[in-house]
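Trainee: I need the structure of the sequence given here:
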Amino acid sequence: MPPSINYDSPQEIRAFLEKNGLGMRKHFGQNFLINPGARSRLLDALEIVPGDPVWEVGPGLGAMTAGLLERGAKVRAFEIDTGFIKALGEFFGDNPDFTLIPGDVFKTWPETPAGPANQAANFLGNLPYNIAAALLADLIEKNRLFTRMVVTVQREVARRICASAGSEDYSSISVLCASAYTIKPLMVLKGASFYPAPRVDSQGIRFDIRTDIAPQAYPPLFRPLVRGLFASRRKTVKNNLQSFILSGIIHPKEFQGAGKKPVQELALGLLETCGIDPNERAENLGISEFSALAAALTQEIPGGNDGDRRGS
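Mentor: Modelled structure (predicted):
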């Protein structure tokens with residue numbers, strides 16, 4: 001049946017929740033987008049056409065879901081809240097273009113096809129503040145990429161995602177996202193655009209899959225190395241690289257024993273090969289430098305050129 005709720009009205013949402021014995025769970029980071037203009041602009045940014053598969057994470061009571069279905073999308077909605085799962089089933093369960101995937105998205109997405117016949121999908125999400133960066137990183141690191149993504153996240157997270165090398169907001173999530181997508185910041189949303197109103201601003205972001213480089217073009221160690229070099233922001237690249245080598249991700253025994261280079265010597269040699277100042281910090285390195293360093297490190301691993309994908 002169609003949704004029996006006005007998604008623009010906090011009063012009606014609250015009344016619906018009370019009538020159905022539902023509550024907002026803080027640990028799920030639940031906030032409904034009640035600004036109809038913002039919902040429309042986010043849907044427009046996704047640029048879907050009828051028949052396009054779309055993953056939606058955190059649909060809540062289905063405000064954006066309804067918009068997607070009206071535009072002809074084939075929606076796979078991921079929801080963890082059991083109360084909202086029931087409501088979504090009642091609202092959209094009879095629509096053949098709607099598939100509800102209940103449970104923790106981190107556990108359910110790996111088992112979910114991208115789209116019909118594994119067709120490349122789009123992604124939409126008013127992402128809970130407490131999982132946004134972790135979910136985006138998880139999808140990218142495991143090569144589940146989308147033609148286009150439009151997400152709403154806490155503005156602080158948006159700044160990190162959109163940051164460029166050399167800025168104070170530049171971090172591992174900046175590099176991971178930029179390695180896979182061209183990123184465009186969208187509108188800023190004040191707390192009043194949501195119910196309940198959060199104390200922080202949010203921002204929409206559009207991600208378009210990069211066509212100039214394939215994910216497999218990056219060395220196997222690229223993504224774990226990015227995380228490792230940002231592990232301690234105040235440390236130099238040399239120190240973080242040494243810690244990464246010894247972390248166990250790439251089996252430190254491969255760098256120990258007779259004839260093996262000491263870790264410090266290895267780290268300095270790799271940085272010199274890549275033209276990176278050992279005293280530099282990760283926040284000043286670009287994607288090409290991370291990639292070159294990952295490739296050079298892979299060369300040092302026995303079997304590293306034979307498809308060894310340790311740490312990927």
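Trainee: mind checking which helix or strand the residue nearest to Val105 when sequence neighbours are not counted is in?
Mentor: Of all residues not flanking Val105 in the chain, Phe78 sits nearest, at 4.3 Å (CB to CB, 6 or more residues apart in numbering). Where C-beta positions appear, they are placed from N, C-alpha and C, glycine not excepted. Per DSSP states H and E: Phe78 is located in strand 74-79.
Trainee: Now do that strand: which elements does it pack against?
Mentor: strand 53-57, helix 63-70, helix 82-92, strand 98-102 (3 or more CB pairs under 8 Å, 6 or more residues apart in numbering; DSSP states H and E).
Trainee: Could you list the buried residues of that strand?
Mentor: Neighbour-count burial for strand 74-79, counted by 16 or more other CB atoms under 10 Å, picks out 74-79.
Trainee: can you pull out the helices in the protein?
Mentor: Taking DSSP state H, the helices of the chain run over residues 10-19, 36-46, 63-70, 82-92, 105-108, 132-141, 155-162, 172-180, 222-229, 237-245, 263-273, 287-300.
Trainee: Quick check: mean pLDDT of the first one?
Mentor: Here the mean pLDDT over helix 10-19 is 94, rounded to a whole number.
Trainee: relative to helix 82-92, how tilted is that helix?
Mentor: 110 degrees (axes from the mean of the first three to the mean of the last three CA atoms, to 10 degrees).
Trainee: helices or strands up against helix 10-19?
Mentor: Helix 10-19 packs on strand 194-195, going by 3+ CB pairs under 8 Å, 6+ apart.
Trainee: The strand it packs on pairs with which strands, parallel or anti?
Mentor: Take DSSP bridges as the rule and strand 194-195 pairs in its sheet with strand 32-33 (antiparallel).
Trainee: Can you tell me which of the helices of the chain is nearest to Ala197?
Mentor: Set against Ala197 and scored by CB to CB, those come closest in helix 10-19, at 8.6 Å.
Trainee: Buried ones in that closest one, by neighbour count?
Mentor: By 16+ other CB under 10 Å, the buried positions in helix 10-19 come out as 13, 16-17.
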